[in-house]
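**Student:** Need coordinates for the below:
(2 chains)
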Amino acid sequence: MIKDRALPVLTVVALIIAIWYAGAALLNLQFEYDQAERIGKQVSLSEALPKTMAQERPVLPAPHQVAVEIWQTTAEKSITSKRSLVYHAWITLSATMLGFVFGTVLGIILAVGIIHSRVLDKSLMPWIITSQTIPILAIAPMIIVVLNSIGITGLVPKATISTYLSFFPVAVGMVKGLGSPDAINMDLMRTFNASRAQVFWKLRWPTAVPYLFTSMKIAIAASLVGAIVGELPTGAVAGLGARLLAGSYYGQTVQIWSALIVAAILAGSLVAIVGLVGAWLNRRMGMREA
Amino acid sequence: MSNTVISTKNLDLTFQTADSPVHALSDINLDIEKGEFVSLIGPSGCGKTTLLRVIADLEQPTGGEISVNGMTPEQARLARAYGYVFQAAALYPWRTIEQNIALPLEVMGISKAEQKKRIEQNLALVDLTGFEKKHPWQLSGGMQQRASIARALAVEPDMLLMDEPFGALDEIVRDHLNEQLNKLWHRTQKTVVFVTHSIPEAVYLSTKIVVMSPRPGKIYDIIDCDLGDERPLEIRESAKFLKIAHRVREGLKAGHAYD
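**Tutor:** Next comes the predicted model:
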């Protein structure tokens, strides 16, 4: 199984890296020509090309430059150092997790309400959808400012933005999931004279579990985006968002790209973990492998 | 008439749909005695399933009277007077067979010890002993339907309401289950109302066959079917059986004629 998948996956990775290298050479070449012209020299393509891979502030850093930067700022730095990406990733991760837990719980509560009450369905659903049409970049600074003014600082404001983004997929997914039992299964519960609570715990909830994990995968990725966006208006103190902002202030493209790659790895890992927990639970519930 | 468990008088049901009302049941008069096995037979759209669902309080009639065990259908449902078997087994895939059978017992708040006893007893009754820990997808369609019958019986109801329970199964499995159901009925003496569109199935199982006709759904004929309590499959070759089957077929044909 793993052997079957390894080849295509590695081929795609190799292709991406090749395109990346080509892009780096192409985009950084002009800078080398400009440099040479400034000191009145002519450079050939074969002379300039190696230099495009080792610029200090390239337009697009080469993959190995990013890899070296990531290595230096993770493995070779103490994790308590402000220059350690592990430190920054941890700051972002803790806000992500807190926001994700809040968002998931909020999403489930909203879905339970909507499923059981037509009034809530009619009154809440439009607002839930509207909430997601507002650009998060516009609303994030306001959340930070408002929460700061009432004395809430640190992790919670960032987690709030994560919550804002992550409750939505969970709410929508769970409305669908909790409403998905077949009519025949609902009728069965009716013939047993089951209470609403019994129908919920014995039928609706188990039916919704696969939907929950699918939406949690989307929610955790959205949570990470929320935490990173939440770090921007705080003045780039700490976190992956802060690294991105600081990098762009000082034109440190290598730093920006390594923060981006680390964020991507983090998001990928989080989604994979949620997926594995979901698959494990599915097996434990005795469901047939899909 | 003290033995009458289900009684309907001028029962009527009209579904309000978006375009035009559908007259699903019209003037249904039917009495079912305790211990009877009554089949409702007819083409699609004749209201046989609807009638069963009215008895089970899954649909509300729009006219006439109906009593179940001397109560309204709702009271009977709340008292868990019947076990309902659906067209599909409707087993919950995340529960094992024994957990599926325990489902109504959990809902009723029956003790664990009693649950265990009833699971064992009813699995034996449908010949599924040894499959307690299996999940539904590990069982064949026929076995799943048997498990759903065990689940309906576990409630220990006075009557069984069965809505084409073997409709989705192949004929060999169906024959086998018919034979088992006949034995089960004979042994437990429960009242059974059984919806089907198979003539041999209806004649083989029933003490009374209700032939229904569509648009609007109504009773065309009620045929007594006194083939005795215990019925080997070979009975289907007997002259008496064929005569009853013929009358049912004629009834279905006539009911369809002015369609």
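**Student:** So what touches stretch A:32-50?
**Tutor:** A:25, A:29, A:51-52 (CB atoms under 8 Å, 6 or more residues apart in numbering or on different chains). For every residue, glycine as well, the C-beta is placed using N, CA and C.
**Student:** Just the CA atoms of that stretch, as CSV, please.
**Tutor:** Coordinates of the C-alpha atoms in stretch A:32-50 are reproduced here as CSV (Å, rounded to 0.1, in the frame of the first residue of the first chain):
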residue,chain,number,x,y,z
GLU,A,32,22.1,39.7,-10.7
TYR,A,33,22.1,41.5,-14.1
ASP,A,34,21.3,44.8,-12.3
GLN,A,35,24.1,44.2,-9.8
ALA,A,36,26.6,43.6,-12.6
GLU,A,37,25.4,46.6,-14.6
ARG,A,38,25.9,48.8,-11.6
ILE,A,39,29.5,48.0,-11.3
GLY,A,40,29.9,48.1,-15.1
LYS,A,41,30.4,44.4,-15.7
GLN,A,42,28.8,41.9,-18.0
VAL,A,43,27.8,38.5,-16.6
SER,A,44,26.9,35.4,-18.6
LEU,A,45,23.9,33.3,-17.7
SER,A,46,26.2,30.5,-16.4
GLU,A,47,27.9,32.9,-14.1
ALA,A,48,24.6,34.5,-12.8
LEU,A,49,22.6,31.3,-12.4
PRO,A,50,24.4,29.9,-9.3
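**Student:** that older thread, filter the contacts of stretch A:32-50 to the buried ones?
**Tutor:** By the neighbour-count criterion of 16 or more other CB atoms under 10 Å in any protein chain shown, these include these buried positions: A:25, A:29, A:52.
**Student:** And the nearest residue to residue A:145 once chain neighbours are set aside, how far from residue A:260?
**Tutor:** Residue nearest to residue A:145 in three dimensions, not counting chain neighbours: residue A:233, with 7.9 Å by CB to CB, 6 or more residues apart in numbering or on different chains. Counting by CB to CB, to the nearest Å, the separation of residue A:233 from residue A:260 is 19 Å.
**Student:** Which helix or strand contains residue A:255?
**Tutor:** Assigned by DSSP states H and E, residue A:255 belongs to helix A:253-284.
**Student:** returning to that earlier point: need the buried ones among the contacts of stretch A:32-50 in TSV (columns: distance to residue A:225, pLDDT and secondary structure).
**Tutor:** What follows is the buried ones among the contacts of stretch A:32-50, written out as TSV (distance: CB to CB, whole Å; pLDDT from 0 to 100; DSSP: H, G, I helix; E, B strand; the rest coil):
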residue	distance to residue A:225	pLDDT	secondary structure
A:25	31	89	helix
A:29	33	87	helix
A:52	31	85	helix
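**Student:** So which bits of the stretch 51-200 of chain A are right by chain B?
**Tutor:** On the criterion CB under 8 Å from any CB of the partner chain, chain B has as its neighbours in the stretch 51-200 of chain A the residues A:182, A:184-185, A:187-194, A:198.
**Student:** Got phi/psi on the spatially most central residue of chain B?
**Tutor:** Centroid-nearest residue in chain B, with CA atoms, centre = their mean: residue B:162, separated by 2.0 Å. In terms of degrees, to the nearest 10, the main-chain angles of residue B:162 are phi -120, psi 120.
**Student:** Quick check: it touching residue B:85?
**Tutor:** Yes - at 4.4 Å, residue B:162 and residue B:85 qualify as touching, with contact defined as CB atoms under 8 Å.
**Student:** related to what we said a few turns ago, so which bits of the helix holding residue A:255 are buried?
**Tutor:** For helix A:253-284, the buried set under the neighbour-count rule, 16+ other CB under 10 Å, comprises A:253-263, A:266-267, A:270-271, A:274, A:278, A:282.
**Student:** about what we covered before: which among the buried ones among the contacts of stretch A:32-50 gets closest to residue B:248?
**Tutor:** Nearest to residue B:248 out of those is residue A:25 (CB to CB; 84.9 Å).
**Student:** Name all residues that make contact with the residue lying closest to that closest one once chain neighbours are set aside.
**Tutor:** Taking CB to CB, 6+ apart as the measure, residue A:25 lies nearest to residue A:52, with 5.0 Å between them; neighbours along the chain are not counted. Taking CB under 8 Å, 6+ apart as the definition of contact, the neighbours of residue A:52 are A:24-25, A:28-29, A:31-32, A:58, A:62.
**Student:** which intervals of chain A have sub-threshold pLDDT?
**Tutor:** Per-residue confidence for chain A (pLDDT under 70) gives these ranges: A:1-2, A:234-236, A:287-290.
**Student:** Which parts of it belong to which domain?
**Tutor:** If you go by automatic domain parsing, the domain ranges for chain A are A:2-59, A:85-284.
**Student:** Can you list the helices and strands that the one helix or strand residue A:226 maps to packs against?
**Tutor:** In this structure, residue A:226 is located in helix A:205-231 according to DSSP H and E. For helix A:205-231, the helices and strands in contact under the criterion 3 or more CB pairs under 8 Å, 6 or more residues apart in numbering or on different chains; DSSP states H and E are helix A:85-116, helix A:136-149, helix A:155-178, helix A:240-249, helix A:253-284.
**Student:** any chance of those in CSV, plus distance to residue B:167?
**Tutor:** As requested, the helices and strands packed on helix A:205-231 are arranged in CSV below (distance: least, CB to CB, whole Å):
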stretch, distance to residue B:167
helix A:85-116, 31
helix A:136-149, 53
helix A:155-178, 29
helix A:240-249, 59
helix A:253-284, 31
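**Student:** Just give me the neighbour total for residue 64.
**Tutor:** If you meant another chain, say so; for now it's chain A. Here the count is done by other CB atoms under 10 Å in any protein chain shown, and residue A:64 has 13 residues near it.
**Student:** I was thinking of chain B, sorry if that wasn't clear
**Tutor:** When neighbours are defined as other CB under 10 Å, residue B:64 has 17 of them.
**Student:** Might you report the residue contacts of it?
**Tutor:** The neighbourhood of residue B:64, defined by CB under 8 Å, 6+ apart, consists of B:8-12, B:27-28.
**Student:** And it, how far from residue B:9?
**Tutor:** With distances taken as CB to CB, residue B:64 is found 6 Å from residue B:9.
**Student:** Look up how far residue B:168 lies from residue B:92.
**Tutor:** Using CB to CB, which is the criterion applied here, residue B:92 is 18 Å from residue B:168.
**Student:** Quick check on the two: which one has the bigger neighbour count.
**Tutor:** It is residue B:92, of residue B:92 and residue B:168, that has more neighbours when counted by other CB under 10 Å, with 20 against 15.
**Student:** Wait, residue A:171 touches residue A:110, no?
**Tutor:** Yes - with contact defined as CB under 8 Å, residue A:171 counts as touching residue A:110 (4.5 Å).
**Student:** thinking again about what came up before, could you save the contacts of residue A:52 as CSV and add columns showing secondary structure?
**Tutor:** As requested, the contacts of residue A:52 are exported to CSV (DSSP: H, G, I helix; E, B strand; the rest coil):
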residue, secondary structure
A:24, helix
A:25, helix
A:28, helix
A:29, helix
A:31, helix
A:32, helix
A:58, coil
A:62, coil
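**Student:** quick one: the strand or helix carrying residue A:67 to helix A:253-284, angle?
**Tutor:** With elements taken from DSSP H and E, the one containing residue A:67 is helix A:63-74. Taking axes from the mean of the first three to the mean of the last three CA atoms, to 10 degrees, helix A:63-74 and helix A:253-284 form an angle of 80 degrees between their directions.
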